[in-house]
Every structure is written in C-alpha cells, then in structure tokens.
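In: Please work out how this folds:
(one chain, ligands or ions: 2)
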Amino acid sequence: MSHTLEELREKLNGINHELLMLLNERAEIVRSIGEIKEKQGVPKFDPVRERAMLEELTRKNPGPFKDAEVKHIFKEIFIASLNLQEEDHKRQLLVSRKKQPESTVIDVQGTLIGGGSQVMIAGPCSVESYEQLRTVASALKDAGIKVMRGGAFKPRTSPYDFQGLGIEGLKMLKEVADEFGLATISEIVHPAHIELAEQYIDIIQIGARNMQNFELLKAAGEANIPVLLKRGIAATLEEFVHAAEYIAVGGNSKVMLIERGIRTYEKWTRNTLDISAVPLLKQETHLPVLVDVSHSTGRKDILLPCAKAALAAGADGIMAEVHPDPQTALSDAAQQLDIPQFQQLWEGILQSGLFAK
Ligand code: PRE
Ligand code: MN
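Out: Ligands and ions are numbered 1, 2, ... in the order given. Have a look, this model is predicted:
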C-alpha cells in the first residue's frame, strides 16, 4: 500500500512531535543530573558516560542510519544537554545577571558606582609621603574627583623593589583623604589585614596577582566595605567571575570588577587591554565594571582613547595613576601621569560626553 506525499509528511510531523517531547523529557532529566553534580561539585562534562551511551546506541542501531550518523546526532544532543547544565549553573551564581537582572549600584561615601553612574579613580601607584599625597589630593579635589587610590602594600615582581609603607601608608592615605574630603581605595594582600583596612580605607582592592588567592577572597567576603577585584594577568573571564563569586558568597555583595589588561605577546603595551571584557562582564554579571587604563597599557600617551573606548563599551568607571613627579616615583614610574597630564586626560574624558559623572 503506497502513501501520498502528504500522508508521509503527516506521519513525519507526528514523529517530529514525539521526538521533540522525548528530547525535552530527556532535557529535564539532564537538568536533575546537573543539580546533583552541582551539589557534589563534580564536572558536568562526563566523556566516559558519553562514550558508553554512544557504544550502546551503535550496538543497538537497526539502521538505515549508519553508526557514524547516529553518533553525530547524539553527540549534538549531549552538547545541548551540557549547555543546559552550564546555563543552570550560571543562573545560580550570586553575581550572575541571570540571578539578579538589575545592576548593582555601590555607594562609596555618597559617590554611586554602577547602574548608569560612573566613577573616576585616580592617585599614585604607591603612597610615598604626605607631601606627595597632598599634592595629588588637592588636584583631584579641584577636578571634582571623589575617590583617590594609593598603594600601601605593594606586591612587586622583584622582592628588591619598593614594597610599600604598609599600615603606616594606609594611615597616611586616610589622613590626607579626610583633609580633602575624598574616599580612598588601597590594595590589601593579607586576609588578616582586611578588618584593619576597614578602619582606614573605603574600598579594598584585591590585586591582579591575588585574584585567585581564595583565602583573601573569603576574608574580603566578610568585610563590610566594597571590594574592587582586579582581573588576574592570565585569568579568563570565567575565572574572574568565579573569583568575584567567592566574595559574594561570603556575604559581601559590594563587589566591583576591574579589567587591567592581560598578558599577551605584545610589547608596546605592558599588558593588552581587553575591551571585550567590559560588555561581556556586564552581560554576565550585575556588578560594576571598571577599566584601569594605567596598568593595562603601562603608558601615558594612549590613556584618553583607551578610557573613551572603555566608557563607550559600557564601563562604570576608569582608574588611572597620577603622581606629582612620576620620574621619582618608587613604583610604576613609566606609566604614572603628572598632574597637568592627568588634568588633560580628565578634560578629554569629560569632553567626550561618555562620562555621566
Ligand atoms: C549527559 C550530559 C552531559 C555529560 O557529558 C554526559 C551525559 C547526557 O546528556 O546524557 C547527562 C549527564 O550529565 C550525565 O549523565 O552525567
Ligand atoms: Mn601601579
């Protein structure tokens, strides 16, 4: 008995529907397996299980599809299943935009960061002296900038380089910032210093070299002040987001991310500024995303176009290093702007119309 084309297509429609229902029924089971794996902390991808299923399927394959075709079709199903488990995992992250669609806005002494409010953070690489800090603070205040940076604990590449003034430096930073009505940010490198930091600074910075110092991240998770987490020099965005999750899961939801360049083969810049990180991090997380134009480029001459690119890409803030006399700076001398250069950068940013202030 022969069927008409219409009849055969009608049959296929029915089979398509059955396959669709079965695939989705399968997907629900895959999700439940994903939840179990999530709880157990085991990887979602299981190539051994996949191979066993493919072997069984080809063994039982009655044809006319060849084994290779059956394998191909099922491999696609496994990929889609894995994607589903990974999407579910992302949805569970506290920092994920899937978990919280609205942008986090961080209030630093009345300065809002995120959700359409941008911040300019500037100051010397290292705290060196009262005079140095006062000169910078005064220039920042005149420019209307609210947050001053200054490193007191300096994790340097060489142990023979200036290591920072430590707690004394934090005290100096606070004293000068209070005089000029500025908020402060400084890097903390030891979990034991987090509590102490809260007395002296307004934002804790976790440096690129410590992005995956999990004990430090956990300690920052217990802090009551905002944390600015720098991207590691060789960190993927996924690793970066998970490092932020360590802080958030500890109870501190005031986390900001900062792209500061990644290591590539390029030598004309200190690191390579990854602009794509800005829209991606903003898409994946609800956290404010900033860009450090000084450490990413390691130069003074291209900060304005890089800052504009960052803001155009959606950055919630810019960080730059400024020193009264960069040539004599005890760290990062090559990249710190002097005060007139900084003023020029700031003017350029304001004139670009990309900074909402
Ligand atoms: C499943 C999904 C991804 C894994 O790589 C292996 C198998 C599948 O789709 O069958 C399910 C699953 O997560 C599992 O059985 O462990
Ligand atoms: Mn520096």
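In: Now do the lengthiest helix in the chain, average pLDDT.
Out: Counting by DSSP state H, the longest helix found in the chain is helix 5-40. What helix 5-40 shows for mean pLDDT is 96.
In: cool, stretch 274-284 as well?
Out: For stretch 274-284, mean pLDDT is 98.
In: Centre of the chain to the longest helix of the chain, how far?
Out: Relative to its parent chain, helix 5-40 has a centroid offset of 36 Å by Cα atoms, centre = their mean, to the nearest Å.
In: buried sites along that helix?
Out: Buried residues in helix 5-40, defined by neighbour count with 16 or more other Cβ atoms under 10 Å: Val30, Gly34, Lys37. The way it works is simple: take the backbone N, C-alpha and C, and place the C-beta from them, glycine included.
In: For those, could you give me TSV that also reports distance to ligand 1?
Out: Formatted as TSV, the buried residues of helix 5-40 follow (distance: Cβ to the nearest ligand atom, whole Å):
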residue	distance to ligand 1
Val30	5
Gly34	6
Lys37	6
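In: Give me the phi and psi for Phe74.
Out: Main-chain dihedrals, Phe74, degrees, to the nearest 10: phi -70, psi -30.
In: ok, now Gly114?
Out: Torsion angles at Gly114 (phi, psi; degrees, to the nearest 10) stand at phi 110, psi 170.
In: How confident is the prediction for it, by pLDDT?
Out: 97.
In: which residue is nearest the centroid of this protein?
Out: What sits nearest the mean C-alpha location of the chain, by Cα atoms, centre = their mean, is Leu257, with 4.2 Å.
In: Next, find the distance separating Asn210 from His193.
Out: The spacing between Asn210 and His193, counted by Cβ to Cβ, to the nearest Å, is 12 Å.
In: could you pull out the helices for the stretch 201-350 of the chain?
Out: 214-221, 237-249, 277-284, 293-297, 303-312, 339-352 (DSSP state H, counting those that start in this stretch).
In: export those helices to TSV and tack on mean neighbour count and distance to ligand 2?
Out: Converted to TSV, the helices of the stretch 201-350 of the chain look like this (neighbours: other Cβ atoms under 10 Å; distance: least, Cβ to the ion, whole Å):
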stretch	mean neighbour count	distance to ligand 2
helix 214-221	20	19
helix 237-249	20	19
helix 277-284	19	19
helix 293-297	26	6
helix 303-312	20	14
helix 339-352	17	14
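In: who wins for proximity to Lys71 among those helices?
Out: With Cβ to Cβ, the closest approach to Lys71 among these belongs to helix 237-249: 28.9 Å.
In: elements contacting that closest one?
Out: Applying 3 or more Cβ pairs under 8 Å, 6 or more residues apart in numbering; DSSP states H and E, we find helix 237-249 packed against helix 214-221, strand 227-230, strand 255-259, helix 277-284.
In: wait, what's in contact with the residue in the stretch 201-350 of the chain positioned nearest to ligand 1?
Out: Closest contact between the stretch 201-350 of the chain and ligand 1, by Cβ to the nearest ligand atom, is at Glu238 (18.0 Å). Going by Cβ atoms under 8 Å, 6 or more residues apart in numbering, Glu238 touches no other residue.
In: Return the residues in contact with Ala143.
Out: Phe342, Gln343, Trp346.
In: between the residues you listed, which is closest to Ala248?
Out: Trp346 (31.8 Å).
In: Tell me the pLDDT of that closest one.
Out: Note on Trp346: pLDDT of 98.
In: Surely it touches Ile121?
Out: No. Look at Trp346 against Ile121 with Cβ atoms under 8 Å: they stay out of range, at 11.7 Å.
In: anything in contact with each of these two?
Out: In contact with both Trp346 and Ile121: Ile145, using Cβ under 8 Å, 6+ apart.
In: what's around Arg49, how many residues?
Out: Using other Cβ atoms under 10 Å, Arg49 has 11 other residues around it.
In: meant to ask about Lys60, not that
Out: Neighbour tally, Lys60, other Cβ under 10 Å: 8.
In: Backbone torsions only: list them for it.
Out: Dihedral angles of Lys60 (phi, psi; degrees, to the nearest 10) stand at phi -90, psi 0.
In: Kindly report the domain assignment for this structure.
Out: The record's domain parsing of the chain by automatic domain parsing lists 5-92, 106-352.
In: residues touching Asp316, list them.
Out: Going by Cβ under 8 Å, 6+ apart, the list of residues near Asp316 reads Ile113, Gly114, Ser117, Gln118, Val119, Met256, Pro288, Val289, Leu290.
In: thinking again about what came up before, I'd say the residue nearest to the centre of the chain and Val289 touch.
Out: Yes. With contact defined as Cβ under 8 Å, Leu257 counts as touching Val289 (5.0 Å).
In: Find the residues that touch each one of the two.
Out: Leu281.
In: Determine the three-state secondary structure at the residue in the stretch 51-200 of the chain that ligand 1 sits nearest to.
Out: With Cβ to the nearest ligand atom as the measure, Ser81 is the residue of the stretch 51-200 of the chain nearest to ligand 1, at 3.2 Å. Following DSSP: H, G, I helix; E, B strand; the rest coil, Ser81 is assigned to helix.
In: residues touching Glu284, list them.
Out: Contacts here follow Cβ under 8 Å, 6+ apart; on that basis Glu284 touches Lys90, Ser96, Arg97, Leu237, Val241.
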